[in-house]
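Peer 1: need coordinates for the following:
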Amino acid sequence: MAQYQVPQFIEIEDKIFGPLTLKQFIYLAGGGGLLLIFFTLLPKWMAFLLALPVMGFAFALAFYEVNGRPFIIAVEHAVMYFIGHKLYLWKQRQPEQKATDASAQTQKPPLSAVPKLSQSKLKDLSWSLNIKDRTQMGVTDTTRDDFAI
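Peer 2: Residues are numbered from 1 along each chain as shown. So this is what the prediction gives:
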């Protein structure tokens, strides 16, 4: 029988540029390229002012992880949240004004009595529910002997 070698450590990215992976290198090179553009086109004081956030963002993209996931995923989710539609499941409404009639306040609605179930009624109810579940799943054997409470 032939034996095959199974790849291991497939979650770990390969280090291509020294200690950096390809993604890390691209993020840092992009930040460095943007800094090069800033220093060639803008005055030095403005370039230094813009260099700090750009390099911070580039280093965060390259090395920072949020909850064990890359920072780019968190940035992507934040952007999608801000530009996407928001679904509000609950919106508070103003309470309706009820009629304040003296006769309506004096009459109380009758309390509904909760029926007391005996042990035999509970067994019958649970058995019928079990039979209903079994028939929906396609089980045909519905004898009462194999189900006991």
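
Peer 1: how long is stretch 16-26 end to end?
Peer 2: End-to-end distance of stretch 16-26 (CA to CA, to the nearest Å): 11 Å.

Peer 1: mean confidence score for it?
Peer 2: Averaged over stretch 16-26, pLDDT sits at 87.

Peer 1: tell me the buried residues in whichever strand or helix holds Lys121?
Peer 2: In this assignment (DSSP states H and E), Lys121 forms part of helix 119-137. The neighbour-count check on helix 119-137 (16 or more other CB atoms under 10 Å) flags Asn130 as buried. Where C-beta positions appear, they are placed from N, C-alpha and C, glycine not excepted.

Peer 1: and for stretch 83-97?
Peer 2: Buried residues in stretch 83-97 (16+ other CB under 10 Å): none.

Peer 1: restricting to C-alpha, output that stretch in PDB.
Peer 2: The C-alpha coordinates for stretch 83-97 follow below in PDB (Å, rounded to 0.1, in the frame of the first residue of the first chain):
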ATOM      1  CA  ILE A  83     -22.000  51.600   4.700                       C
ATOM      2  CA  GLY A  84     -24.400  48.700   5.000                       C
ATOM      3  CA  HIS A  85     -28.100  48.700   5.900                       C
ATOM      4  CA  LYS A  86     -28.900  48.500   9.500                       C
ATOM      5  CA  LEU A  87     -31.700  46.200  10.700                       C
ATOM      6  CA  TYR A  88     -33.600  47.400  13.700                       C
ATOM      7  CA  LEU A  89     -35.600  44.600  15.200                       C
ATOM      8  CA  TRP A  90     -37.300  46.600  17.900                       C
ATOM      9  CA  LYS A  91     -38.600  50.200  17.800                       C
ATOM     10  CA  GLN A  92     -40.400  51.600  20.700                       C
ATOM     11  CA  ARG A  93     -43.800  53.000  20.100                       C
ATOM     12  CA  GLN A  94     -45.800  55.500  22.100                       C
ATOM     13  CA  PRO A  95     -48.200  53.800  24.500                       C
ATOM     14  CA  GLU A  96     -51.800  53.900  23.200                       C
ATOM     15  CA  GLN A  97     -54.200  56.100  25.200                       C
END
